[in-house]
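**Student:** Let me see the structure of the following:
(chains A and B)
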Amino acid sequence: MPPVTPVHYLFLSMALFTIGVIGVLTRRNVIIILISIELIFNAVNINLVAFSSQFASISGQTFAIFVIVAAAAEAAVGLGIIIALFRNKETVNADEIDLMKW
Amino acid sequence: MLSEYFSAVDFLLLKPAILLTIFGIGVMLTDLLLDERQKYFNAVTALVGIGFAAVQMLRIQSQMREAGVSEVEAFRGAIVLDGLGIFFIWLFLISTAITILISFRYLEIENEHHGEYYAILLFATVGMIFLAIGMDLITLFVGLELMVLSIYILAGFLRGDRRSNEAAMKYLLLGAFSSGILLYGMSLLYGMSNSTNLRVIGSALSQRPLGDPLVIMAVVTIAAGLFFKIGAVPFHQWLPDVYEGAPHSVAAFMSVGPKVAAFALLLRLFLVPLGELREQWEPLLIGVAVATMTLGNLAAISQSNIKRMLGYSAISHVGYILLGLVAGNETGLKGIVIYLLVYVFMNLGIFTVVVAMRRRDLVGDEINDMAGLMHKSPVMAILSLIFLLSLAGIPPTAGFLGKYFIFLSLLETGHYTLAVIAVLYVAVAIYYYFRIVVVMFMQPPADQELPSMSLGIRCALGVTAAMTLFMGLYPEPFIQLATGPVLAILR
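**Tutor:** Sure thing, here's the model as predicted:
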């Protein structure tokens, strides 16, 4: 079995990143969009940890921990905002969130 | 052992940020002791916190002058306080202070006067400070997240208002998306240099071969993420929606503080690590700047909601500021610095007028709500005229000064076509800004009720108008002021 090189990880993270971007752009459920954004953050984490082990340096892993924390905070605020919106509007469909248009 | 890595001097540099954090937590705690009528006390606490931070900044600056240094590093190069950082911190402190001044009466009218508002405002300021002085990808990222997370919450602060919910939702989704894209670029930068320090990354990138796909991908993702944050075309769609839906005072804050902070991040990333790759991102930047000016100015013409119109006008200002970066010489950077300084005061000024239009029976964000303001409150009408003239860039107001340096730098570097386009769009801008003036001065008032002029709003209007006029009439000290930051960038 050939060894797993950083290039493999790079392709994995790129694939994950692309799936996340496509998810944000095409899905209409707000919660699915949030999950797609989490995918993007995880693609970043894979990159950071893979580079970190390649360089044998700790800073990439530290960065990944900060990213995880920020992603969790973002999910918490996001779900709070979704609940506030749902109380007033009873929908999580991005196409129906359309009060403001020109 | 902590002392092995960090010294006490490192923490002294961060004193303004630490004080703001402490006061933010303090506001949340004292808020529990106050009853409904005493909530203005929170605003006073927050203002005192900003005062303390400002005093600390002055002390740090005087110590730096005594030691004869223009730049201090801390936390092993993760934080660099230079002329640019000092300049931006002052802008953030001023814009947060003015936002607090205009907020408390407005929040009372909205029945949402909670202490958290001021606490979150202070936390957002801390995040912005880290964006201005960070020299490390991790520091910059955490500062950015602290700032945008605070603003998501502030944008949705009117929980019962559907437009506010919707603004928060849109801003959250697109903001988190753009953070992810920016972060992906940052991870690639780390992968190419084995360091999170911007200066080390810069020297590592300059050794990569020309047209390296990884470099191109990193530049594109970082540029896309940053363009989202500053609201440049084609990533601008969230901006008018969020300005329209967010509470008036928050829209005022968002249009200056976080926008200037995003520019601080953009300048750092484009000039330090990506500075060597100038020929790769310059065509991209020219296209984006022209598209931003075009769309911002043309879309602003047809708006009937004043906050939305100011949103599009903010987009067009972003285009002008990016042109300064396209020129990239000393005049251009001076132009960016002066433009941001001027922009903070004139934009906060016009938003203060919008905040004052909010009454119990009137949302006050339609242009027609301003009808007959000249008859109801002549002072406010004339001050709005000054702000609008300045936004359009007409002398003797401050807005002219910012545009002057940008245009001059374009001519110096031979971008004649760009200069012509930029000047032409000023004419368009005059048209839509003067629609408001016509409504204010020519139309009869719809009712006789006066706009709400609280003490805070009076102070905010006075400060912003005085600065807008003063900078236009006597620009010399402010041009001097801009040399420090510019030297810090060029070094």
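**Student:** How many residues are close by the residue nearest to B:Phe130 when sequence neighbours are not counted?
**Tutor:** Excluding the flanking residues, the one nearest B:Phe130 by CB to CB, 6 or more residues apart in numbering or on different chains is B:Gly143, at 2.9 Å. (C-beta placed from N, C-alpha, C; glycine too.) For B:Gly143, the number of neighbouring residues by other CB atoms under 10 Å in any protein chain shown comes to 23.
**Student:** Test my guess that B:Gly143 contacts B:Gly134.
**Tutor:** Yes - contact criterion CB atoms under 8 Å: B:Gly143 and B:Gly134 qualify, at 5.6 Å.
**Student:** Would you confirm that the residue nearest to B:Phe130 belongs to a strand?
**Tutor:** No - read with DSSP: H, G, I helix; E, B strand; the rest coil, B:Gly143 is helix and lies in no strand.
**Student:** which residues touch it?
**Tutor:** B:126-131, B:134 (CB atoms under 8 Å, 6 or more residues apart in numbering or on different chains).
**Student:** ok, now which ones touch B:Leu266?
**Tutor:** Per CB under 8 Å, 6+ apart, neighbours of B:Leu266: B:226, B:229-230, B:325.
**Student:** quick one: which of those residues is nearest B:Leu189?
**Tutor:** B:Leu226 (13.1 Å; CB to CB).
**Student:** buried ones in stretch B:43-52?
**Tutor:** B:43, B:45-47, B:49-50, B:52 (16 or more other CB atoms under 10 Å in any protein chain shown).
**Student:** Just the CA coordinates for that stretch, please, in PDB.
**Tutor:** Taking Å, rounded to 0.1, in the frame of the first residue of the first chain, the C-alpha atoms of stretch B:43-52 are listed here in PDB:
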ATOM      1  CA  ALA B  43     -23.900  53.100  28.500                       C
ATOM      2  CA  VAL B  44     -22.000  55.300  31.000                       C
ATOM      3  CA  THR B  45     -20.000  52.300  32.200                       C
ATOM      4  CA  ALA B  46     -19.100  51.300  28.600                       C
ATOM      5  CA  LEU B  47     -18.100  54.900  27.800                       C
ATOM      6  CA  VAL B  48     -15.900  55.000  30.900                       C
ATOM      7  CA  GLY B  49     -14.300  51.700  29.700                       C
ATOM      8  CA  ILE B  50     -13.500  53.300  26.400                       C
ATOM      9  CA  GLY B  51     -12.100  56.300  28.200                       C
ATOM     10  CA  PHE B  52      -9.700  54.100  30.200                       C
END
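**Student:** avg pLDDT for it?
**Tutor:** The average pLDDT for stretch B:43-52 rounds to 95.
**Student:** number of nearby residues for residue 7?
**Tutor:** With no chain named, the answer covers chain A. So A:Val7, with other CB under 10 Å, has 9 neighbours.
**Student:** wrong chain, I was asking about chain B
**Tutor:** Neighbours of B:Ser7 (other CB under 10 Å): 12.
**Student:** how about it, phi and psi?
**Tutor:** phi -110, psi 170 (degrees, to the nearest 10).
**Student:** what would the contacts of B:Gly143 look like in TSV with pLDDT, secondary structure and distance to B:Leu265?
**Tutor:** Output for the contacts of B:Gly143, formatted as TSV (pLDDT from 0 to 100; DSSP: H, G, I helix; E, B strand; the rest coil; distance: CB to CB, whole Å):
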residue	pLDDT	secondary structure	distance to B:Leu265
B:Val126	96	helix	15
B:Gly127	96	helix	11
B:Met128	95	helix	10
B:Ile129	95	helix	12
B:Phe130	95	helix	10
B:Leu131	93	helix	5
B:Gly134	92	strand	8
